[in-house]
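Asks: predicted model, plus sequence, below.
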Amino acid sequence: MNTRSIVAWTLVFGLLWNALGWAGNVFLLGGAWAAVGAGLAPDFAPPWPALAHELITFVSDFVYAFAFVWLFAQGSDKTIAMSIKLVLLLWFAGAAMTYLAIVNSGFLPWAIAVHSSLLALVIFVVTAPLLPRALRAR
């Protein structure tokens with residue numbers, strides 16, 4: 001894989017993970033997120049503008065996507081098994097640890113953090129085989 005294909009696949013996975021994450025959070029976890037919102041103090045206001053919040057949320061999947069694609073490109077084992085191992089590592093080191101920190105800081109209840117983290121895990125594992133299959137098809 002060259003730099004151009006790494007960038008292209010990063011964009012593909014970043015967009016795919018963002019879309020699936022949004023769909024899962026809206027359609028599967030929407031009620032739980034509504035409950036979290038309802039539990040906030042009436043005077044709660046995030047310390048940043050809404051656009052900054054959306055950009056930060058949007059960018060994180062591209063960071064995970066870049067790490068996944070770049071690590072996959074560096075390895076000699078371009079199998080589905082390796083792609084799944086990589087996303088499991090990224091999920092554990094990134095998503096799961098981030099949600100633990102957010103819960104520990106008191107910003108999110110355990111239930112929604114666990115469900116959102118598991119949603120990310122499912123999305124990662126289900127989509128990871130797309131990269132080795134696409135590269136094999138070329």
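Replies: Thanks, I have it. Numbers count the residues shown, from 1 in each chain.

Asks: and Gly37, how far from Val26?
Replies: Going from Gly37 to Val26 by C-beta to C-beta, to the nearest Å gives 13 Å. C-beta here means a position set from N, CA and C on the backbone, and glycine is covered the same way.

Asks: can you report how many residues neighbour the closest residue to Tyr64 other than its chain neighbours?
Replies: Excluding its sequence neighbours, the residue lying closest to Tyr64 (C-beta to C-beta, 6 or more residues apart in numbering) is Leu90, at 5.6 Å. Leu90: 21 surrounding residues under other C-beta atoms under 10 Å.

Asks: now do the one 5 residues further on
Replies: By other C-beta under 10 Å, the residues close to Ala95 number 22.

Asks: who are the contact partners of the nearest residue to it once chain neighbours are set aside?
Replies: Spatial nearest neighbour of Ala95, chain neighbours left out: Ala120 (4.4 Å); criterion: C-beta to C-beta, 6+ apart. By C-beta atoms under 8 Å, 6 or more residues apart in numbering, the contact set of Ala120 is 21, 91, 95.

Asks: out of those, which is nearest to Thr57?
Replies: Gly21 (8.7 Å; C-beta to C-beta).

Asks: what does stretch 127-138 contact?
Replies: 1, 9, 13, 16-17, 20, 68-69, 72, 78-80, 82-84, 86-87.

Asks: pLDDT of that stretch, averaged?
Replies: Stretch 127-138 comes out with an average pLDDT of 91.

Asks: secondary structure element for the residue nearest the centre of the chain?
Replies: Central residue of the chain (C-alpha atoms, centre = their mean): Asp61, 4.6 Å from the mean position. Here Asp61, judged by DSSP states H and E, is contained in helix 50-74.
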